[in-house]
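*Asks:* using only what follows, build the 3D model:
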Amino acid sequence: MILGPGFHRFTPSTKVINDILTNNLPIIPPLTFNPIDVRDIAKAQIIVYEDNNAEGRYITATRPYTMREIIDLVAKYGPHVKKPRLKMGKGLFIFYARLSSFFARLFGKAPLVTTQQAKEYTEGDGWPRD
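*Replies:* Numbers count the residues shown, from 1 in each chain. Below you'll find the predicted structure:
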């Protein structure tokens with residue numbers, strides 16, 4: 001979940017935060033994210049670029065946050081936020097992704113979330129798998 005200044009359009013990350021801030025998240029999806037500021041990513045890329053011994057993958061996030069934790073953090077700084085009480089199960093979220101993909105194909109649009117993304121986002125601890 002890349003956040004920070006300079007985004008001129010919604011990304012999936014900024015849309016989630018905007019949905020929380022505008023009370024457009026009626027249910028808590030079973031998602032886990034690793035939030036990071038875009039400036040920290042830029043610094044990490046410069047450090048790796050300048051290190052001749054650097055190779056492989058690097059994780060720049062601090063720790064995974066559940067969607068409930070993210071909602072709680074946003075609500076802490078936005079007292080107008082109405083925190084959803086209902087949680088969506090993983091199975092229902094994957095079904096929603098399949099339905100979203102079906103209708104996206106039907107109408108020639110991009111799905112809000114693909115089945116593969118839904119499975120990846122609900123894997124568990126939020127850290128990438130190799």
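*Asks:* and stretch 22-42, what's buried?
*Replies:* L25, I28, P29, P30, L31, T32, F33, N34, P35, I36 (16 or more other CB atoms under 10 Å). C-beta: built from backbone N, CA, C; applies to glycine.
*Asks:* name the nearest residue to the last one, sequence neighbours excluded.
*Replies:* Once flanking residues are discounted, I36 sits nearest to A61: 4.8 Å by CB to CB, 6 or more residues apart in numbering.
*Asks:* ditto for the third one
*Replies:* Setting aside the residues directly before and after it, P29 is nearest to M88 in space (CB to CB, 6+ apart), at 5.1 Å.
*Asks:* what distance do you get for the one you found to P30?
*Replies:* Noted for M88: a distance of 6 Å to P30, by CB to CB, to the nearest Å.
*Asks:* quick one on the thing from earlier: helix/strand/coil for the residue nearest to I36?
*Replies:* What DSSP: H, G, I helix; E, B strand; the rest coil gives for A61 is coil.
*Asks:* which SSE is immediately downstream of the longest helix anywhere in the chain?
*Replies:* Identified as the longest helix of the chain according to DSSP state H is helix 90-107. Sequence order places helix 115-121 as the next helix or strand after helix 90-107, per DSSP states H and E.
*Asks:* all set now, cheers.
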